[in-house]
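Asker: structure of the sequence below:
(2 chains)
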2 protein chains.
Amino acid sequence: MTDIAATHSAASSSSDLIASDRVEGTAVYNRQGEKLGRISHFMVDKRSGQARYAALSFGGFLGMGQEHYPLPWSMLDYDVEKGGYVVELDKAVLENAPRHAADQRPDFDERYGRNVYQYYGLIYPW
Amino acid sequence: MTDIAATHSAASSSSDLIASDRVEGTAVYNRQGEKLGRISHFMVDKRSGQARYAALSFGGFLGMGQEHYPLPWSMLDYDVEKGGYVVELDKAVLENAPRHAADQRPDFDERYGRNVYQYYGLIYPW
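Answerer: Below is the predicted model of the structure:
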């Protein structure tokens, strides 16, 4: 994947794009190879079309009691061999991470966004 | 919607973001109020998270024979009252618009992108 990405680094190609409905449901692993969960959905800025967060979901039973963890989009790194995203994220870090119940949609305002980015040690770019 | 958007123009708020799985399936109308179809999915740049196109779908029967029309994201304007997107697009313009069969995924490269944007009279921004 690295070689392919490098070849196409100058111009966009089909390998640089992914369909929204393929992101949803995609498995998420950490660098240690542990499966963390799946991407439930992601939040997009209506006007600019910029993805802000992807919601990592896990736990619960048949969707009940499941929790969503908003992850900054830039943390996601697609791994073709794994067929999923790989993120630099220790399981223990998720213990205190920002989250919400699957049936809740929190107010994704600037304060919330800064909090999420800060938690993962990233600069909020907007 | 205009007033609300204006109030929040300086900072992002929950009203500025939309979930990917809410975009999918959303109806699309033109300014004349005609329903053009629905958004099937949208294509996102894997690395930057920038939405490039939304696929407008219509026609066919039970999904068979349906065609997808890639629309530049910037054409989409969400209308709260209609509960759907409103685009500046005469039905006749779709007759010769770039399209592909629903079960095909064309090579969304730069050439394809420029062609789509040019067809709708927009400058390709990447």
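
Asker: got the residues of chain A near chain B?
Answerer: With C-beta under 8 Å from any C-beta of the partner chain as the criterion, chain A comes near chain B at residues A:11-14, A:16-21, A:23-24, A:40-52, A:73-74, A:78, A:105-110, A:113, A:126. Any C-beta I mention is one placed from the backbone N, CA and C, and that applies to glycine too.

Asker: can you turn the buried part of those into a ChimeraX selection?
Answerer: Per 16 or more other C-beta atoms under 10 Å in any protein chain shown, the buried members of the residues of chain A next to chain B correspond to this ChimeraX selection:
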select /A:12,13,16,17,18,19,20,21,23,24,40,41,42,43,44,45,46,47,49,50,51,52,73,78,108,109,113
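
Asker: out of the residues of chain A next to chain B, which sit inside strands?
Answerer: Among these, the subset assigned to strands under DSSP state E consists of A:17-19, A:40-45, A:51-52, A:78.

Asker: for residue B:117, state which of those residues is nearest.
Answerer: In terms of C-beta to C-beta, no member of these lies closer to residue B:117 than residue A:17, at 14.4 Å.

Asker: okay, that closest one and residue B:50: tell me how far apart.
Answerer: From residue A:17 across to residue B:50, the span is 10 Å (C-beta to C-beta, to the nearest Å).

Asker: just residue A:123 next, same as before
Answerer: Residue A:123 is 18 Å from residue B:50, by C-beta to C-beta.

Asker: host element of the residue positioned nearest the centre of chain A?
Answerer: With distances taken as C-alpha atoms, centre = their mean, the residue of chain A nearest its centroid is residue A:54 (3.6 Å). Element membership for residue A:54, per DSSP states H and E: strand A:51-58.

Asker: how about the lengthiest helix in chain A: buried residues?
Answerer: For chain A, the longest helix by residue count, based on DSSP state H, is helix A:110-119. Residues of helix A:110-119 classed as buried: A:112-113, A:116-117, A:119 (neighbour count, 16+ other C-beta under 10 Å).
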